[in-house]
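>>> Fold the following.
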Amino acid sequence: MAQKVKPYKNSDATKKAQVTKMFDTISQEYDGLNRVISFGIDVKWRKKVVELIASQNPETILDIATGTGDLAINLSTTNAKKIIGLDISDGMLEVGRQKINAQNLDETITMVVGDSEDLPFEDNSFDAITVAFGIRNFENLEKGLAEILRVLKPNGIFVILETSVPTNPIYRLGYNVYSKFILPVIGRLFSKDKVAYKYLSESASVFPYGETLNNILRKIGFINVKDHPQTMGVATIYKASKL
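Coordinates of the predicted model:
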């Protein structure tokens, strides 16, 4: 059965439409709130993703759910010739375009509005593909992963960075308290969208992680699947490839 995550809020609109609207709304405040919510540790996690990608010396990289382009910009240090950042929210992409322009990376990074479940690229197009904190927003997880497999080149690398739930009972308790009570309060205090950060915490708590997500990746057809928990398991980096 295809994996789905509960919608952003009750509505007749699809999850995809709701998530697009949510990220358009919070695009201007997203970067700052992200640093606050993660205590800045997300920067360290992204650096590890870049190290994994750089080890493969890719020429072409696709960063899906790129948002405001943090990871795409970091990936420019890999010396890839072309990086495409794709996201369903043009509001988030516009913030990213401004950041890219400020760092004179326009020749390397292109921001594209697109749907992760219907990628506008030919088969076997990219040496490396990344998704950071976006895969849980896929409306149909397995369809999105199948699209990623399709456009990844044989022997290419696919890396996911996503939130997860600590397995240690003590760490899990702290995580649950923070994600269920503190994170939504921060969102209500500082965000234009009073529901957005409630959705982000809820979607993180129900999204498959660890070996469960590993098995979904294997089912889709990825090989050499491994997961690497980060910071007591509050996030996990997944690495996979294509035959």
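>>> C-alpha only now, for contacts and for neighbours.
OK.
>>> Neighbouring strands of the lengthiest strand in the chain in the sheet, and parallel or not?
Counting residues, the longest strand found in the chain (DSSP state E) is strand 152-163. Each strand paired with strand 152-163, and its direction, by DSSP bridges: strand 126-132 (parallel), strand 235-241 (antiparallel).
>>> what about Lys47, is that helix, strand or coil?
Here Lys47 is helix, with the state taken from DSSP: H, G, I helix; E, B strand; the rest coil.
>>> contacting residues for it?
Asn74 (Cα atoms under 8 Å, 6 or more residues apart in numbering).
>>> In a markdown table: the strands paired with strand 152-163, plus mean pLDDT and distance to Asp90.
A markdown table is the format used below for those (pLDDT from 0 to 100; distance: least, Cα to Cα, whole Å):
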| stretch | mean pLDDT | distance to Asp90 |
| --- | --- | --- |
| strand 126-132 | 98 | 17 |
| strand 235-241 | 97 | 26 |
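>>> deepest of the ones you listed, which one?
Among the strands paired with strand 152-163, strand 126-132 has the highest mean neighbour count (mean count of other Cα atoms under 10 Å), at a mean of 25.
>>> mind checking how far that strand is from the chain centre?
Here the centre of strand 126-132 is set off from its chain's centre by 10 Å, with Cα atoms, centre = their mean, to the nearest Å.
>>> coming back round to it: which of the residues in the longest strand of the chain are buried?
Neighbour-count burial for strand 152-163 flags Leu152, Lys153, Gly156, Ile157, Phe158, Val159, Ile160, Leu161, Glu162, Thr163 (criterion: 16 or more other Cα atoms under 10 Å).
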